[in-house]
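Novice: just a sequence and a predicted model for now, questions to come.
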Amino acid sequence: MTRTMLLAGAALALAFPAAARAETACAEMAGAKLNHAEVISAKLEAVKVGQACRIAVRAHPVADSDIGIEVVIPVGSAWNGKYVQVGNGGLAGRIPEPAIKARADEGYAAAGTDDGHGGNGRTAIWALHHPEKVVDFGNRAVKETTDAARQLIVAMKGEPAKRRYFVGCSLGGREALIEAQRYPDDFDGIVAGATANYNTLGYGGRAYMQQVLSRPGGYLGTEQLELLQSAALKQCGDGGKFIRDQLACHFDPASLKCKPGQSPENTKGGCLTAPQIASAKAIYGGRVVNGKVVFPGYEPGAEASRGGWQAWNTGTEQSKWTESAGHAMGSQFMKYLVYDDPALDWLKMDTGAGYERDRQKLSKIMDAENANLTPFEKHGGKLIQYHGWNDPAISPRGSIRYHDAVMAETKSAAGFYRLYMIPGMLHCTGGAGPGQVDWLGELEAWVEQGKAPEAVTASSQSGETQLLCPYPGVARKSGDGWACSVAKKKG
């Protein structure tokens, strides 16, 4: 009799398996245990799909670390079962709450970090004499965020996310590639925009450019930027508002040189002096050491655009030159991250062999140059990289450099990696060229359905569109529409 009852009970258990454990209430998540981190608070908040639990965390992987992390997990069926980690921007210092909230509104569990320090995104004084905070900023904070979010999702939901994605642009693009290179098992798919992965090289280029701009007569004001943009579009824009094929554009600012007896003030349409041409060439051409370009510069066609060179390189006028984002952040980067010297004058520093030597220590911590993505491929990961051709903050050709390196070092890269160069787009967004794409949607289709992205359509708020092609493709007019063809690199 007893044996019969036991067998019947076993059969019943198989027919009706135990229900999954109830979801942990948000208030109880305040007591969740984490590795070398602590939950500060856990509070319910409204999201578009219902409610979510917003969990504040402080992580302390080493004694001098104090990494701020926020994890937002939709409650109950509002969760789509997936996790998205968002990147930061600038020099970080704040948790990217709007980006986290936007993903939670869509049903994702989402997280982000302040990268281990406080600040406004343009300052780096926090790094002075704090080498461990530099490590946190360089790579450790994003990993701490990934691990804390994973633990919290399991603690609340009783199961891990079925898919994990990372989405970032600018600094967040560098963080995205840090994840792909150093922690290849963490994410199923990654979107990396305007990647600052050659970070120390990029800031070296900015120092070089700013030094040339600071020479007597070298400043480029609004009139000079408008002249450059107009001439570049006239030569390479085919009558449009932006240049569609940057690799085919061979614009030389020397074509605008003032002739003998002319000056910018007395010449109809304007002209450029020799120092102004030198400044333009330094911005276009990139940092030169011993006659060779060490890292590329920026592209023609949007010099005077709002959010263009004035925002990042020249300021709105000469008296406000140092207020441009590039000048402010570049000076801070050199003083506190490279040289640990508040008295450094970056307009007088050696941008040649000396800087190449001095940047190496920081490069090992911060740069994301490793082009061997085989471990990420073996994990089954997919990577979409994108960059605006008129980005005035991070060199677009840096993304091409990385693409070419990956294709050379990772044999089957074409099976899991795409780069899209976006004509007319500025830094991460904006510009004359339509650049809005649901990159996460493209990535999910690739990871979850095996649908690899090919030509995609970008849009703008005004309703304009343009076709984007996987690099090295470029969109060209074909009958009544557009089609992708292979671009020809500038010689």
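Specialist: Thanks, I have the structure now.
Novice: how's the chain carved up into domains?
Specialist: 26-198+367-453, 201-364 (automatic domain parsing).
Novice: just the strands from the stretch 201-350 of the chain, written as ranges.
Specialist: Assigned strands in the stretch 201-350 of the chain, in chain order: 287-289, 292-295 (criterion: DSSP state E, counting those that start in this stretch).
Novice: elements contacting the last one?
Specialist: Right, the one you point to is strand 292-295. Applying 3 or more Cβ pairs under 8 Å, 6 or more residues apart in numbering; DSSP states H and E, one finds that strand 292-295 contacts helix 199-213, strand 287-289. Placement of C-beta: from N, CA and C, glycine included.
Novice: please work out which of the ones you listed is packed deepest.
Specialist: helix 199-213 (a mean of 24; mean count of other Cβ atoms under 10 Å).
Novice: and that helix, what does it pack against?
Specialist: Against helix 199-213 (3+ Cβ pairs under 8 Å, 6+ apart) you get helix 274-285, strand 287-289, strand 292-295, helix 325-332, helix 353-358, helix 360-366.
Novice: ok, back up a step: for the domains of the chain, which one ends up most surrounded?
Specialist: domain 26-198+367-453 (a mean of 21).
Novice: related to what we said a few turns ago, can I get the strands of the stretch 201-350 of the chain in TSV with distance to residue 89?
Specialist: TSV is the format used below for these (distance: least, Cβ to Cβ, whole Å):
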stretch	distance to residue 89
strand 287-289	23
strand 292-295	21
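Novice: these: which one's closest to residue 257?
Specialist: For the strands of the stretch 201-350 of the chain, the distance to residue 257 is smallest for strand 287-289, at 19.9 Å, taking Cβ to Cβ.
Novice: just checking: what are the partner strands of the closest one?
Specialist: strand 292-295 (antiparallel) (DSSP bridges).
Novice: Provide the contact partners of the partner strand at residue level.
Specialist: 198, 201-202, 204-205, 285-288, 356, 395, 398 (Cβ atoms under 8 Å, 6 or more residues apart in numbering).
Novice: and which of these is nearest to residue 416?
Specialist: Once Cβ to Cβ is applied, the member of the contacts of strand 292-295 that ends up nearest residue 416 is residue 398, at 20.8 Å.
Novice: quick one: stretch 46-60 to chain centroid distance?
Specialist: Remark: stretch 46-60 is offset 24 Å from the chain centroid, using Cα atoms, centre = their mean, to the nearest Å.
Novice: what's it in contact with?
Specialist: 26, 29, 32, 34, 36-45, 65-78, 101, 104-107, 141, 144-145, 148, 152, 156.
Novice: quick one: which of those sit in strands?
Specialist: Residues of the contacts of stretch 46-60 located in strands (DSSP state E): 34, 37-45, 67-74.
Novice: switch the contacts of strand 292-295 over to CSV; also include pLDDT and distance to residue 162.
Specialist: Formatted as CSV, the contacts of strand 292-295 follow (pLDDT from 0 to 100; distance: Cβ to Cβ, whole Å):
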residue, pLDDT, distance to residue 162
198, 98, 34
201, 97, 38
202, 97, 36
204, 97, 42
205, 96, 42
285, 96, 48
286, 95, 43
287, 95, 45
288, 92, 50
356, 95, 45
395, 98, 37
398, 98, 34
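Novice: and which of those residues is nearest residue 315?
Specialist: If you rank the contacts of strand 292-295 by distance to residue 315 using Cβ to Cβ, residue 205 comes first, at 18.0 Å.
Novice: residues in contact with residue 75?
Specialist: Per Cβ under 8 Å, 6+ apart, neighbours of residue 75: 23, 26, 44, 50-53.
Novice: report the separation between it and residue 62.
Specialist: 34 Å (Cβ to Cβ, to the nearest Å).
Novice: again, but for residue 98
Specialist: Going from residue 98 to residue 62 by Cβ to Cβ gives 29 Å.
Novice: ramachandran angles for residue 400?
Specialist: Dihedral pair for residue 400: phi -70, psi -40, per degrees, to the nearest 10.
Novice: and it, what pLDDT?
Specialist: As predicted, residue 400 sits at a pLDDT of 98.
Novice: contacts only, for the closest residue to residue 286 other than its chain neighbours.
Specialist: Nearest residue to residue 286, sequence neighbours excluded (Cβ to Cβ, 6 or more residues apart in numbering): residue 297, at 3.7 Å. Neighbouring residues of residue 297 by Cβ under 8 Å, 6+ apart: 205, 209, 282-287, 395, 397.
Novice: for the residues you listed, which one is nearest residue 183?
Specialist: Nearest member of those to residue 183, counting by Cβ to Cβ, is residue 395, at 25.4 Å.
Novice: just give the nearest non-adjacent residue to the closest one, would you?
Specialist: Nearest to residue 395 is residue 296, by Cβ to Cβ, 6+ apart, at 4.8 Å.
Novice: surely that neighbour is in contact with residue 286?
Specialist: Yes: because the distance of 4.2 Å satisfies Cβ atoms under 8 Å, residue 296 is recorded as touching residue 286.
Novice: where do the contact lists of the two overlap?
Specialist: 205, 395, 397.
Novice: and the closest residue to the first one other than its chain neighbours, bridged to which residues?
Specialist: Distance criterion Cβ to Cβ, 6+ apart; nearest residue to residue 205, sequence neighbours excluded, is residue 287 at 4.1 Å. With DSSP bridges applied, residue 287 shows beta-bridge pairing to residue 295.
Novice: swap in residue 167?
Specialist: Residue 167 forms beta bridges with residue 86, residue 191, as assigned by DSSP bridges.
Novice: would you list the phi and psi of residue 185?
Specialist: Dihedral angles for residue 185 - degrees, to the nearest 10 - are phi -90, psi 0.
Novice: was I right about it contacting residue 379?
Specialist: Yes: between residue 185 and residue 379 a contact is recorded at 5.0 Å, counting by Cβ under 8 Å.
Novice: going along the chain, name the helices of the stretch 51-200 of the chain.
Specialist: 97-105, 131-135, 141-157, 171-182, 199-213 (DSSP state H, counting those that start in this stretch).
Novice: redo these as a markdown table? Include distance to residue 459.
Specialist: As requested, the helices of the stretch 51-200 of the chain are exported to a markdown table (distance: least, Cβ to Cβ, whole Å):
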| stretch | distance to residue 459 |
| --- | --- |
| helix 97-105 | 18 |
| helix 131-135 | 39 |
| helix 141-157 | 30 |
| helix 171-182 | 21 |
| helix 199-213 | 29 |
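Novice: these: which one's closest to residue 271?
Specialist: Short answer: helix 199-213, nearest of the helices of the stretch 51-200 of the chain by Cβ to Cβ, at 18.4 Å.
Novice: kindly export that closest one (C-alpha atoms) in CSV.
Specialist: Output of helix 199-213 as CSV, limited to C-alpha atoms (Å, rounded to 0.1, in the frame of the first residue of the first chain):
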residue,chain,number,x,y,z
ASN,A,199,41.4,56.3,-26.4
THR,A,200,45.0,57.4,-25.7
LEU,A,201,45.7,57.8,-29.4
GLY,A,202,42.6,59.9,-29.8
TYR,A,203,43.5,62.2,-27.0
GLY,A,204,47.0,62.5,-28.4
GLY,A,205,45.5,63.6,-31.7
ARG,A,206,43.4,66.2,-29.9
ALA,A,207,46.5,67.6,-28.2
TYR,A,208,48.3,67.9,-31.5
MET,A,209,45.3,69.6,-33.1
GLN,A,210,44.8,72.0,-30.3
GLN,A,211,48.4,73.0,-30.3
VAL,A,212,48.2,73.9,-34.0
LEU,A,213,45.0,75.9,-33.4
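Novice: for the nearest residue to residue 68 once chain neighbours are set aside, give me its contacts.
Specialist: Nearest non-adjacent residue to residue 68, counting by Cβ to Cβ, 6+ apart: residue 114, 4.0 Å away. By Cβ under 8 Å, 6+ apart, the contact list for residue 114 reads 67-69, 88, 92-95, 141.
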